[in-house]
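Novice: Predicted model and sequence follow; I will ask about them next.
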Amino acid sequence: MVQIEELKQRVQALAEEGRKRLEEAASLEDCEAARVAFLGRKGRITELFQLLPQLPPEARPEAGKLINSLKEQFQAELNRRLSEIKAQEVEKRLQKETVDVTLPGRPVALGRLHPSTQVLREIYRIFSGMGFQVFESPEIETDEYNFQFLNIPPDHPARDMWSTFYLAEPGLLLRTHTSPGQIHVMRRFAPEPIRAILPGKCYRYEQVTARSEMMFHQVEGLAVGRHITMADLKGVLTEFAHQMFGKERRYRFRASYFPFTEPSLEMDMDCILCGGRGCRVCKHTGWVEILGAGMVHPVVLRNGGYDPGEFTGFAFGMGPERILMLKYNIDDIRLFFENDLRFLEQF
Amino acid sequence: MRVPLSWLREYVELPTDITTGEARLLADRLTLAGLEVAKIEHIGATEGGQPALAWEGIYVGEVLEVKPHPNADKLVIAVVDYGKGPVESVTGAPNIKIGDRGFKVAVAEPGARIVDAYALEPQLIKVKPANLRGVRSEVVLCSEKELGLSEDHSGVLILDQEAEVGRPLAELLSEVVLELDLTPNLARCFSIIGVAREVAALTGKRFKTPEVGWRPSGPAIFGQVEVEIQDPDLCTRYTAALIKGVKPGPSPFWMRRRLTLSGMRPINNIVDITNYVMLEWGQPLHAFDYDKLHGLDGKRIIVRRAGAGERIITLDGVERALTEEMLLIADPEGPIAIAGVMGGLESEVTEATRAVLLESASFSNTNNRRTAQALKLMSEASARFGRGVPPELTIPALKRAAQLMSELAGGEIASGIIDVYPVRQPEIELEFDPKEVERLLGLEVSQEEVIELLEQLEFSCRPQGRLIQVKVPWHRLDISYPADLVEEVARLIGYDKIPTTLMADTLPRQQRERTLELEEQVRDLLVGCGLTEVITYSLTSLESAAKLEPQRREPSPEDYLHIANPLTRERSVLRRSLLPGLLETVAENLKHHERVAIFELGRVYLPSRGGPPRGGAPGPALQQGKEACPLEPRRLGLALAGPRSEPSWSWHEKPGTMDFFDLKGIIEELLRRMGLAGFRFIKAEGPFLHPGRAATLLLGEEEAGLLGELHPQVRENFELEEPTLVAELDLEAILARAGLVRRYEPLPQFPAVLRDLAVVVDEAISAERVAQAIKAAGGELLRELILFDLYQGPPIPEGKKSLAFRLRLQAEDRTLTDEEADRLRLRIEAHLAEELGAELRK
């Protein structure tokens, strides 16, 4: 016969032994071996149950409880040890998987828009917020559209303002500005009100230098209606400049001359480079010109099909490349059409 | 236009000692009113001026006595007082002679810096006392050159007699010059008096009406000169005066100085006076040597168009061939001047001239411009005539110049003026509604205020009810519409006083320009495909276009639109293709990049006239009788060269070089995303493409561009070493077919079954044919077909290829069973075997 006391001792010893064995287990395999050794079919704890019949019947329930609790205890400790080891192994694996986070990421093939396109889109966005819509007009123009309808008759002294490329075919030329678009849009919509933005390439018969290009973009703006004033023009242009260049800059409007607007104006901004103190870029005036504008000349309104007694309008013109040059202090306009990726990739 | 303020001050009140700040304020006021001051030049001022020209240590001195030099015949000793007691200066100046005294000179004391008169390059030297042949010279009496005033070193500068002894020269000669950048409408400001009028109106100071003087004393001009205008359409007024007994010689210092400050070179008093009065009044004048003119009874001037083949040698010594459109001043023997452009050499005023016939005339500005441009003779005179000179200006300018000639060149003015005035300057009167100011500016200005402002500019105004009758002064040729008066009011009030409002006018109906939106969408998709946008020149050359042809044969010139006045040969025609520009860009960028992937979205220009007709009056009449303009369709160009991805540390082996299928993949993706249905590619032969790697894009049955690998010979033409892929697509066709409406399909309800299928076919059978055969046999259950392998080589027999497809089979109403899927595959296999002789690959 086995006495309960003896069993108690053996349970205690086994508990101790089991704990030790688990503590020593270093891997999942060790844990499994320990489980088999203690809880397996022939395991040390399982074997204890075989002792039960040898105990006095009155001691058996207590003994059963003892062994069961030993078994549960061992199982709990085994589980704890298992999760510890798993955690350690994960830790080890993660250690091995460490990368040099300073290595550059894999290159993504994503192109870029030309800076002129980017600034054109910015211009469309700003003006569409004020109800202007984008239209297009042709690059090859007639003398009438490029000049005469815009109140610039042949041999008018103002023709000196635009050096022109003429096509070999008489009467045709490459537009020198986007202003002929004013006539196209007016003739399309008269007598409806208009708010239009007309972007496109323009051409001038000029030697290509850092400061002048034979080809460039321009954006024409036109608003025609029954109650449009120069105050509105100032408002629209100020809103544009605030969004394009920033509210913190200073702006001014000064009288100027374009044959197709009367009164005419130019808008200046304090020189970004010197902050208005005067430098080479602003020719020591502290101001740089950002665009030209004015109230549409009555002759032009009439040529567009609007009665100048009833309708008024304003028009403005600006150069996206010039805007970029001012914004980023680019000193060579040729960069835009040289298409050096080292330049294009900066925008 | 250069405006010395000391000169301007004669016609409008200005502070005598204008500070830098005041000059700046004046310049700003002018600039804001449309007279853009490009530069303020301070001459001889220590503040803001250049130190080299500051004239420190140089004073006004009086020559007290001139004594002979004991040891040198060519030198004299001048005793001068410049406010610090008498000092001696040894000089060799020919205009300082023994016995001279009492005149004023510029004295540079030791330490002062003057220009080295003998140095080849302009440089400054310091004045030091020196021994000249045994006599000590304490100071230097300066020439104009030594003072940096001109190149003249022929003698000492003689100053005005009124100049105060001891006064710093800088105070006497310091000057502020405003350089005006004048727009074409400001012809009136091409003169000191014109600018003075503006300054007066803008600053509220008094305009000092100029006095011309005019004291004739000689016999009458009539009988001595006769003028006939044969072409009054080109010469509306011709006035002339006669000055006899003149002595040509240098002009006085003050006149030469003003001419120099204004950017003109002094020549002699007669010519200088014509230039001086032109600068002052804006009226170009011409002086003829009276004695060299011809005529029977007295001299005869004829203003007429040139005859065919007529020629003249102009003042610059060049013989000019004239056309019948050019206006001449002639005498009975032939041309003596090209009217308003340049005088003839034969009747030029020289030192021997004793009598001057002075011309002050009005010529047609457009004709004058055309002549000056045709002869490439842009002079100060033609710059003014070309912009317009009012006929009313001729007489005052003529009188002023004649008077100066009598005063400064000792001449006697013949009494009377020849004045032939066939076409009178129209008087312009406008009926002006002051409400126009508010309508255009958005700023209310009362009738009284409008009148007050306009009167400041010498408009005469007469209120008539709520309107104003406005008479335009004769010196304003730029005013013809009420809007012009509104601008005058705005300029005087100041643009800054106009309020800033947001438009309250009716918002136009908002409509979309689809084409432009789609164009932007194409750009975004291509950027997403890894391409960078470029913009190349629309102007190119036939040589550049020829590079697209393997043998560089030039294209036929009539296929191109030519520039009549090209700047360079390289930019002499309008492009018909985006490719040469793109390929040049690729070649340039491959010099510093391994991989180049670019696109351009732009126009090409075709001589065929399919564009909308343009010209004529607005409205329906527009369409009549006008030819259509050339077409400028939009194209899309793509170019790729180099490896598939940028170099990276993760390249265990270099990624492959981009090939035909990289390019095609981009185009397919673009077309799919643009919602185009029914596009396909067929084998093509573009002359510039590799004959085995070129395709035509078909949209339906319409050809919409070429794509492929560049022909190796063409590659060489563009100096490209790498295989380069290019495409040029008809963007108009693509945009026209873009699918704007997306169709939604419900997600499948039942699972799909995947089956792989590998077949061996003749290599001549295209992958597309095989796929079509599979689809035909697969029917509705075949939902997706992917070609995932292409193989040639052992064990596949020679002349054959193996294609492996993945089939996604799916039914809409049930879960497909394996048996069904297998049956379908068998059917497809049988069809392929029958149709294409395909064998199954196990």
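Specialist: Sure, I can see it. Numbers count the residues shown, from 1 in each chain, chains lettered A, B, ... in the order given.

Novice: Flag the shaky bits of chain B, pLDDT-wise.
Specialist: By pLDDT under 70, the low-scoring segments of chain B are B:44-53, B:609-627, B:842.

Novice: center of it - which residue?
Specialist: For chain B, B:T183 is the residue whose C-alpha lies nearest the centre (CA atoms, centre = their mean; 12.6 Å).

Novice: nearest residue to that one other than its sequence neighbours?
Specialist: Of all residues not flanking B:T183 in the chain, A:Y257 sits nearest, at 3.6 Å (CB to CB, 6 or more residues apart in numbering or on different chains). Backbone N, C-alpha and C define where each C-beta goes, glycine included.

Novice: before we move on, what about A:T238?
Specialist: Once flanking residues are discounted, A:T238 sits nearest to B:T500: 5.6 Å by CB to CB, 6+ apart.

Novice: May I have stretch A:228-244 exported as CSV, CA atoms only?
Specialist: C-alpha atoms of stretch A:228-244 as CSV (Å, rounded to 0.1, in the frame of the first residue of the first chain):
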residue,chain,number,x,y,z
ILE,A,228,-17.4,95.0,-65.7
THR,A,229,-15.0,97.7,-64.4
MET,A,230,-11.4,98.3,-63.9
ALA,A,231,-12.1,97.9,-60.2
ASP,A,232,-13.2,94.3,-61.0
LEU,A,233,-10.0,93.8,-63.0
LYS,A,234,-7.9,95.0,-60.1
GLY,A,235,-9.8,92.6,-57.8
VAL,A,236,-9.4,89.6,-60.1
LEU,A,237,-5.7,90.3,-60.6
THR,A,238,-5.1,90.9,-56.9
GLU,A,239,-6.8,87.6,-56.1
PHE,A,240,-4.7,85.8,-58.7
ALA,A,241,-1.5,87.3,-57.4
HIS,A,242,-2.3,86.5,-53.8
GLN,A,243,-2.9,82.9,-54.8
MET,A,244,0.1,82.6,-57.2
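
Novice: A:A34 contacts A:G18, correct?
Specialist: Yes: with contacts counted by CB atoms under 8 Å, A:A34 reaches A:G18, the gap being 7.4 Å.

Novice: any shared contact partners between those two?
Specialist: Here A:A34 and A:G18 have no joint contacts, going by CB atoms under 8 Å, 6 or more residues apart in numbering or on different chains.

Novice: okay, now A:H177: neighbour count?
Specialist: By other CB atoms under 10 Å in any protein chain shown, the residues close to A:H177 number 24.

Novice: scratch that, B:L75 is what I was asking about
Specialist: Using other CB under 10 Å, B:L75 is surrounded by 18 other residues.

Novice: mind checking how far it is from B:T91?
Specialist: As defined by CB to CB, to the nearest Å, B:L75 lies at a distance of 7 Å from B:T91.

Novice: Repeat that for B:E820.
Specialist: The gap separating B:E820 from B:T91 is 122 Å, by CB to CB.

Novice: quick one, which of those two is more surrounded?
Specialist: B:T91 (25 against 15).

Novice: quick one, what contacts the more buried one?
Specialist: B:T91 touches B:75-76, B:78, B:137, B:141, B:156, counting by CB under 8 Å, 6+ apart.

Novice: could you pull out the helices for chain A?
Specialist: All helices of chain A, identified by DSSP state H, fall at A:4-24, A:28-39, A:44-49, A:60-96, A:115-128, A:143-146, A:180-189, A:230-245, A:298-304, A:320-328, A:335-338, A:341-344.

Novice: Mean neighbour count added to the ones you listed, as JSON lines?
Specialist: Listed next are the helices of chain A as JSON lines, based on neighbours: other CB atoms under 10 Å in any protein chain shown:
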{"stretch": "helix A:4-24", "mean neighbour count": "15"}
{"stretch": "helix A:28-39", "mean neighbour count": "16"}
{"stretch": "helix A:44-49", "mean neighbour count": "17"}
{"stretch": "helix A:60-96", "mean neighbour count": "14"}
{"stretch": "helix A:115-128", "mean neighbour count": "19"}
{"stretch": "helix A:143-146", "mean neighbour count": "20"}
{"stretch": "helix A:180-189", "mean neighbour count": "23"}
{"stretch": "helix A:230-245", "mean neighbour count": "21"}
{"stretch": "helix A:298-304", "mean neighbour count": "23"}
{"stretch": "helix A:320-328", "mean neighbour count": "19"}
{"stretch": "helix A:335-338", "mean neighbour count": "19"}
{"stretch": "helix A:341-344", "mean neighbour count": "16"}
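
Novice: Need those in CSV (columns: mean pLDDT).
Specialist: Output for the helices of chain A, formatted as CSV (pLDDT from 0 to 100):
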stretch, mean pLDDT
helix A:4-24, 87
helix A:28-39, 90
helix A:44-49, 86
helix A:60-96, 90
helix A:115-128, 97
helix A:143-146, 94
helix A:180-189, 95
helix A:230-245, 97
helix A:298-304, 96
helix A:320-328, 94
helix A:335-338, 96
helix A:341-344, 96
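
Novice: And the ones you listed: which comes nearest B:P232?
Specialist: Proximity to B:P232, assessed across the helices of chain A by CB to CB, is greatest for helix A:298-304 (27.1 Å).

Novice: Tell me, what's the model's pLDDT at the closest residue to B:S648 other than its chain neighbours?
Specialist: Nearest residue to B:S648, sequence neighbours excluded (CB to CB, 6+ apart): A:P107, at 5.4 Å. With respect to pLDDT, A:P107 has a value of 84.

Novice: Might you report the residue contacts of A:P107?
Specialist: B:645-648.

Novice: Which pair of these spans the longest distance?
Specialist: Going by CB to CB, the pair spanning the contacts of A:P107 furthest: B:S645 and B:P647, at 8.0 Å.

Novice: so who does residue 55 touch?
Specialist: This is for chain A. Here A:L55 is in contact with A:1-4, A:7, A:63 (CB under 8 Å, 6+ apart).

Novice: actually chain B
Specialist: Going by CB under 8 Å, 6+ apart, the list of residues near B:W55 reads B:44, B:112, B:147, B:168-170, B:173-174.

Novice: Please identify, among those residues, the one with the most neighbours.
Specialist: Tallying neighbours with other CB under 10 Å puts B:L169 at the head of the contacts of B:W55, with 27 neighbours.

Novice: What sits closest to B:Q749 if chain neighbours are left out?
Specialist: Nearest residue to B:Q749, sequence neighbours excluded (CB to CB, 6+ apart): B:E812, at 7.1 Å.

Novice: Quick check, that neighbour in contact with B:E745.
Specialist: No: counting by CB under 8 Å, B:E812 does not reach B:E745; the two are 10.4 Å apart.

Novice: More neighbours: the two, which one.
Specialist: Per other CB under 10 Å, whichever of B:E812 and B:E745 has more neighbours is B:E812, with 11 against 5.

Novice: hmm, back to that, B:S645 and B:P647: which is more packed in?
Specialist: Legend: neighbour count by other CB under 10 Å for B:S645 and B:P647, higher for B:S645 (18 against 13).

Novice: SS state for the more buried one?
Specialist: State at B:S645, reduced to three classes by DSSP: H, G, I helix; E, B strand; the rest coil: coil.

Novice: farthest pair in the contacts of B:W55?
Specialist: Pairwise distances across these (CB to CB) peak at 15.4 Å, for the pair B:A112 and B:S174.

Novice: and the helices of chain A as CSV, adding distance to B:L477?
Specialist: Listed next are the helices of chain A as CSV, based on distance: least, CB to CB, whole Å:
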stretch, distance to B:L477
helix A:4-24, 110
helix A:28-39, 103
helix A:44-49, 120
helix A:60-96, 87
helix A:115-128, 37
helix A:143-146, 24
helix A:180-189, 26
helix A:230-245, 24
helix A:298-304, 17
helix A:320-328, 32
helix A:335-338, 40
helix A:341-344, 47
